[in-house]
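[1] When you get a sec, could you give me coordinates for this:
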Amino acid sequence: MSARIDARFAKLKAEGRAAFIPFVMAGDPDPAHSAEILKGLPGAGADIIELGMPFTDPMADGPAVQEAGLRALAGGQTLVRTLDMVRDFRTGDPDTPIVLMGYFNPIFSYGAERFSKDASQAGVDALIIVDLPPEEDDEILSAARAEGISLIRLATPTTDDNRLPTVLNNTAGFVYYVSIAGITGAASLDTEAVAKAVRRLKSHSDLPIAVGFGIKTPEQAATVAAVADAAVVGSALVNKVKDAGEDRKAAVSGLLDLARELSQAVRDARTDNTAAAE
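    Residues are numbered from 1 along each chain as shown. Reported below is the predicted structural model:
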């Protein structure tokens, strides 16, 4: 389970730094340029990639990710095409882990067993299903695990010590800590609260802790990278596609340029932190 993810975090631990995990929406702004973005992310410093599965009712997403999903759907993106994107990506990159993130309805419609088999064959490493609590994920959990795909669950500021064991049970790859209560991209990051939450999660789990939601700038990414095992950035990246309008070339270059800045900040953060400790 999570062989690529485990190997990547082991490599980063040896390097003494956190991971940079960008989120992008499959099919945004269109299939061809989305594929270009996906293929360009490892070269821009992505250690693990979260690839959004567009859905018509993304209840946990803020305006930026919602609009990205709508752009993708308008361009004809489907779950089959998303898996095809991963399959095509794998022909040139066998190592960078890919985590599919989204909602259960498209997977349910596809069929959990069929989806898990096709996702595994395409080269997917893990799933984050934001609207499926642990009490209701048995179907996809068993199907995914049978195909070697991990299920990554979300912990939030409201996940207390009584609830946490249920969230962590059967979680693999890493724990995703949602740093703010609410929708993606909606609030500022409370770095002191994040550091405290990461310490608490580490007292309950040996898995790496990735922090997402609310990270918008390289400075914020660096602050998170100094206390967590990974910094996840989504809304700020997909907004680069929106900002480019119909200029598809600018959409690709703008997103990848920001990814480079964020990645460098994450890399420098742990280095700076180590230097300060010495």
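[2] pLDDT below threshold where in the stretch 151-278 of the chain?
    Within the stretch 151-278 of the chain, the set of residues satisfying pLDDT under 70 comprises 181-188, 271-278.
[3] do that again at 90, thanks
    The model of the stretch 151-278 of the chain has pLDDT under 90 over residues 158, 179-193, 213-214, 270-278.
[4] ok, which stretches of it are strands?
    If you assign secondary structure with DSSP state E, counting those that start in this stretch, the strands in the stretch 151-278 of the chain sit at 154-155, 175-178, 209-212, 230-233.
[5] Could you look over the ones you listed and pick the most buried one?
    For those, the largest average neighbour count (mean count of other CB atoms under 10 Å) is found in strand 230-233, namely a mean of 28. (Glycine included, C-beta is placed from N, CA and C.)
[6] how about stretch 172-182 as CSV, C-alpha atoms only?
    Coordinates of each C-alpha in stretch 172-182 appear next as CSV, following Å, rounded to 0.1, in the frame of the first residue of the first chain:
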residue,chain,number,x,y,z
ALA,A,172,-2.5,5.0,4.7
GLY,A,173,0.1,7.2,2.9
PHE,A,174,-0.4,10.3,5.0
VAL,A,175,-2.9,12.1,7.2
TYR,A,176,-4.4,15.2,5.6
TYR,A,177,-5.0,17.9,8.2
VAL,A,178,-7.5,20.5,7.1
SER,A,179,-6.0,23.6,8.7
ILE,A,180,-9.2,25.7,8.8
ALA,A,181,-12.9,24.9,9.4
GLY,A,182,-14.9,25.5,6.3
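[7] Format the CA atom coordinates belonging to the helix or strand hosting residue 85 as CSV.
    Under the criterion DSSP states H and E, the helix or strand holding residue 85 is helix 79-90. This file holds the C-alpha atoms of helix 79-90, laid out as CSV (Å, rounded to 0.1, in the frame of the first residue of the first chain):
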residue,chain,number,x,y,z
LEU,A,79,-13.7,10.3,-14.6
VAL,A,80,-12.6,8.0,-17.5
ARG,A,81,-10.6,10.9,-19.0
THR,A,82,-9.1,11.7,-15.6
LEU,A,83,-7.8,8.1,-15.3
ASP,A,84,-6.5,8.4,-18.9
MET,A,85,-4.6,11.5,-17.8
VAL,A,86,-2.9,9.6,-15.0
ARG,A,87,-2.1,6.7,-17.4
ASP,A,88,-0.5,9.0,-19.9
PHE,A,89,1.4,10.8,-17.1
ARG,A,90,2.8,7.4,-15.9
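[8] Give me the distance from that helix to the chain's centre.
    Relative to the centre of its chain, helix 79-90 is centred 16 Å away, using CA atoms, centre = their mean, to the nearest Å.
[9] mind listing what residue 225 touches?
    By CB atoms under 8 Å, 6 or more residues apart in numbering, the residues touching residue 225 are 17, 18, 20, 231, 265, 266, 269, 270.
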